[in-house]
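A.B. asks: Quick one, structure for this:
(one chain, ligands or ions: 1)
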Amino acid sequence: MAKRVVLAYSGGLDTSIAVRWIQEEWKAEVVCVAVDVGQDPDTTPDDWDTIRARAMAAGAIEANVIDARAEFASEYVVPAMQANALYEGKYPLVSALSRPLIVKHLVQAARYYEADAVAHGCTGKGNDQVRFEVGTRALAPDLEVLAPARLWGLTREDSIEYARKWDIPIAAKKGKLYSIDENLVGRAIECGEMEDPWVSPPDDVYTLTRNVADAPREPRDIVVRFEAGVPVSLDGVEMPPVELIPALGAAAGEYGFGRIDMVENRRVGIKSRETYECPGSLALILAHQDLESMTVERDLMREKARLEPRYAELVYDGLWFSPLKEALDAFVQSSQEFVTGEVRLRLEPGRCFVAGRRADHGLYDYGLATYDAADSFRHEDAEGFVRLWGLSVEMWSRRQRGLGSGA
Ligand code: ARG
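C.D. replies: Numbering: from 1, shown residues only. Here you go, the predicted model:
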């Protein structure tokens with residue numbers, strides 16, 4: 001059994017009692033690591049101080065908060081956006097992207113504190129346990145992975161009682177309805193009445209997106225610039241991805257864009273009704289994909305489109321650190337060399353769409369595309385090309401369908 005454990009700590013009820021539970025049941029020391037991936041837009045350093053103090057009050061021998069926001073934006077969110085990664089065609093992987101980063105920091109802390117295990121607070125029904133455990137095996141196969149919440153069989157009421165018994169100052173209230181996971185690209189909201197897929201999510205579950213009825217009536221244009229596939233500025237103001245993504249999200253969310261209501265397939269075989277709001281990542285993927293249509297050569301674009309759903313599945317399924325994912329990253333990276341230019345997004349109540357684009361090294365050629373006098377296309381080349389293109393079909397028609405002379 002492990003002697004010292006690094007626990008992925010969120011400050012919530014489950015991970016707080018896990019600190020005490022691991023000590024009591026497994027007689028191991030607990031180091032808490034909380035990773036800031038932009039959980040709450042209103043988070044202040046004070047909140048993290050409270051969270052750190054709570055970990056210590058629960059009995060941790062050490063508690064650290066790691067600000068990983070910039071790393072999360074640049075090394076996790078941006079590569080996934082370059083892959084236009086949408087799980088089952090819809091979900092931009094909000095939670096799935098943060099877990100491998102948390103794992104990376106847990107493993108680093110485990111090395112630093114000479115721990116022999118890492119632990120997480122996930123239950124047995126979700127994807128996050130898969131991401132924590134498979135990710136840890138990939139980075140540190142020698143470390144044990146402990147999942148106390150999968151074993152303890154405590155109801156929510158039991159957990160609150162356990163916290164009270166051990167004087168753990170938790171913020172959780174009885175009767176809390178939703179399970180929420182959030183970071184700087186968005187939020188995932190589960191449980192409560194939404195477990196009935198027929199029932200609409202209540203308005204008050206959303207914090208990043210307005211109701212369409214409350215959106216500004218006046219449309220707004222916002223210009224996103226990309227350099228080699230990396231978003232670098234909004235309306236000409238340069239900023240790093242860690243600022244740009246939430247800023248774009250705030251603009252799009254104000255117009256009520258970015259909500260997703262879907263039934264998705266979890267890795268563990270369960271169909272699950274999920275409610276998300278991710279205005280920033282959806283707007284960014286929209287813009288990015290459009291700029292690719294101007295700049296990426298046809299065959300490369302088609303092959304990339306074929307691989308994108310696979311990329312999203314790998315990330316969703318906890319295989320961020322895996323050989324196929326690494327190889328796909330290399331492919332995606334190589335496809336981004338000329339994805340440089342600007343996309344003008346238009347925001348209107350309830351929607352966000354591309355209203356214009358221009359590229360520094362675009363493959364769009366006005367002379368080839370135009371029907372006016374500037375036309376430079378060699379029309380005479382088309383005749384032979386089209387004839388040969390259709391030659392095999394023509395032979396099939398003549399010889400096998402019995403049409404024409406058979407010549
Ligand atoms: N279903 C989503 C996913 O698997 C969201 C998970 C949210 N996690 C949570 N602990 N509430 O990526």
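A.B. asks: Low-confidence regions, this structure specifically.
C.D. replies: For the chain, applying pLDDT under 70 flags the ranges 41-46, 172-176, 405-407.
A.B. asks: rerun that using 50 as the cut-off
C.D. replies: 41 (pLDDT under 50).
A.B. asks: neighbours around the closest residue to the ligand within the stretch 301-407 of the chain, how many?
C.D. replies: Taking C-beta to the nearest ligand atom, the ligand has its nearest neighbour within the stretch 301-407 of the chain at Tyr316, 6.4 Å off. No exception for glycine: its C-beta is placed from N, CA and C like everyone else's. Around Tyr316 there are 24 other residues, counting by other C-beta atoms under 10 Å.
A.B. asks: who's in contact with it?
C.D. replies: Contacts of Tyr316 were listed using C-beta atoms under 8 Å, 6 or more residues apart in numbering, and they are 87, 91, 93, 96, 127, 267.
A.B. asks: For Val77, see how far away it is.
C.D. replies: 15 Å (C-beta to C-beta, to the nearest Å).
A.B. asks: ok, for Pro241, nearest residue in space, not its chain neighbours?
C.D. replies: Ala73 (4.0 Å; C-beta to C-beta, 6 or more residues apart in numbering).
A.B. asks: For that neighbour, list the residues it contacts.
C.D. replies: 184, 240-242, 245.
A.B. asks: Would you mind giving the secondary structure of it?
C.D. replies: helix (DSSP: H, G, I helix; E, B strand; the rest coil).
A.B. asks: what separates it from Pro246, distance-wise?
C.D. replies: Taken as C-beta to C-beta, the span from Ala73 to Pro246 is 9 Å.
A.B. asks: do the same with Val30
C.D. replies: In terms of C-beta to C-beta, Val30 sits 32 Å off from Pro246.
A.B. asks: What of Ala55?
C.D. replies: Ala55 is 26 Å from Pro246, by C-beta to C-beta.
A.B. asks: Give me the more crowded residue out of these two.
C.D. replies: Shown here are Ala55 and Pro246; by other C-beta under 10 Å, Ala55 has more neighbours (28 against 22).
A.B. asks: isn't that one right up against Val19?
C.D. replies: Yes. Assessed by C-beta atoms under 8 Å, Ala55 is found in contact with Val19 at 6.3 Å.
A.B. asks: shared neighbours, those two?
C.D. replies: 9, 32.
A.B. asks: Am I right that Arg358 sits in a strand?
C.D. replies: Yes. Per three-state DSSP, Arg358 lies within a strand segment.
A.B. asks: How about the contacts made by the residue in the stretch 201-350 of the chain positioned nearest to the ligand?
C.D. replies: Using C-beta to the nearest ligand atom, the closest approach of the stretch 201-350 of the chain to the ligand is made by Glu274 at 5.0 Å. Applying C-beta under 8 Å, 6+ apart, one finds that Glu274 lies in contact with 91, 188, 190, 260-264.
A.B. asks: 10 Å instead?
C.D. replies: 87-88, 90-91, 94-95, 188-190, 194, 197, 201, 260-264, 266 (C-beta atoms under 10 Å, 6 or more residues apart in numbering).
A.B. asks: which SS class is it?
C.D. replies: strand.
A.B. asks: do Asp47 as well
C.D. replies: Assignment for Asp47 (three-state DSSP): helix.
A.B. asks: Okay, it and the ligand: tell me how far apart.
C.D. replies: 19 Å (C-beta to the nearest ligand atom, to the nearest Å).
A.B. asks: Within its local environment, how many residues does that residue see?
C.D. replies: For Asp47, using other C-beta under 10 Å, the count is 15.
A.B. asks: same check, this time on Tyr364
C.D. replies: So Tyr364, with other C-beta under 10 Å, has 12 neighbours.
A.B. asks: ok, now Trp389?
C.D. replies: 11.
A.B. asks: So which residues of the stretch 51-200 of the chain form helices?
C.D. replies: 69-72, 78-82, 94-112, 128-139, 148-151, 156-165 (DSSP state H, counting those that start in this stretch).
A.B. asks: hmm, the fourth one touching the ligand?
C.D. replies: The one in question is helix 128-139. Yes. Applying C-beta under 6 Å from any ligand atom, one finds helix 128-139 in contact with the ligand at Asp128.
A.B. asks: circling back to that earlier point, identify the contacts common to Ala73 and Pro246.
C.D. replies: Counting by C-beta under 10 Å, 6+ apart, the residues touching both Ala73 and Pro246 are 38, 183-185, 280.
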